[in-house]
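K.L.:
Predicted coordinates and the sequence they were generated for:
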Amino acid sequence: MAKDKEDVIEEIEQKKAFTYRGKGLDELQKMDIREFAKLLPARERRSVLRGFREIENFLNRCEEKQSRKKTIKTHLRDIVIVPRMIGMKILVYGGKDFQPMEVVGEMLGHRLGEFSHTRSKVAHGAAGVGATRGSKSKSVK
């Protein structure tokens with residue numbers, strides 16, 4: 001009843017393999033966008049089915065730019081990530097500049113804008129003269 005070492009290794013690799021709703025990555029990439037939409041949650045499914053042409057046009061532009069070795073820049077933060085995007089390096093506009101991101105399998109079903117933040121972390125400096133009660137009596141030079 002003892003398992004071979006090879007069987008144990010194969011079992012571990014199967015657990016590590018990426019799946020989305022029970023489908024493997026190879027299966028997902030062979031799917032049409034409309035077929036993939038059936039696996040998505042309701043809001044994303046509706047968005048993909050209604051904006052199908054927009055997503056198709058975006059993917060065609062991305063593949064064209066990749067073939068010419070150009071960077072892919074976009075302002076379309078509301079595009080839902082589909083399997084054909086996996087592996088692409090996309091620069092998404094965050095309101096001030098383009099932020100780089102590489103699409104991986106775990107991002108499927110999310111939107112591009114979720115991975116490009118529009119607000120940066122605030123780094124507060126020291127309080128100025130007169131800002132606190134103890135600094136009111138100091139002279140301002």
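P.N.:
Received, thanks.
K.L.:
so what does the helix or strand that contains Arg61 touch, helix or strand wise?
P.N.:
Arg61 belongs to helix 52-67 when elements are defined using DSSP states H and E. Applying 3 or more CB pairs under 8 Å, 6 or more residues apart in numbering; DSSP states H and E, we find helix 52-67 packed against helix 33-37, strand 72-74. The way it works is simple: take the backbone N, C-alpha and C, and place the C-beta from them, glycine included.
K.L.:
could you redo the ones you listed as CSV and give each row mean neighbour count and distance to Leu59?
P.N.:
Below are those laid out as CSV (neighbours: other CB atoms under 10 Å; distance: least, CB to CB, whole Å):
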stretch, mean neighbour count, distance to Leu59
helix 33-37, 16, 8
strand 72-74, 16, 10
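K.L.:
want to throw those into a markdown table with mean pLDDT and distance to Glu102?
P.N.:
Below are those laid out as a markdown table (pLDDT from 0 to 100; distance: least, CB to CB, whole Å):
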| stretch | mean pLDDT | distance to Glu102 |
| --- | --- | --- |
| helix 33-37 | 93 | 20 |
| strand 72-74 | 95 | 11 |
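K.L.:
in the helix holding Arg61, what counts as buried?
P.N.:
Within helix 52-67, the residues that count as buried by 16 or more other CB atoms under 10 Å are Ile55, Phe58, Leu59, Cys62.
K.L.:
Fine, thanks again, bye for now.
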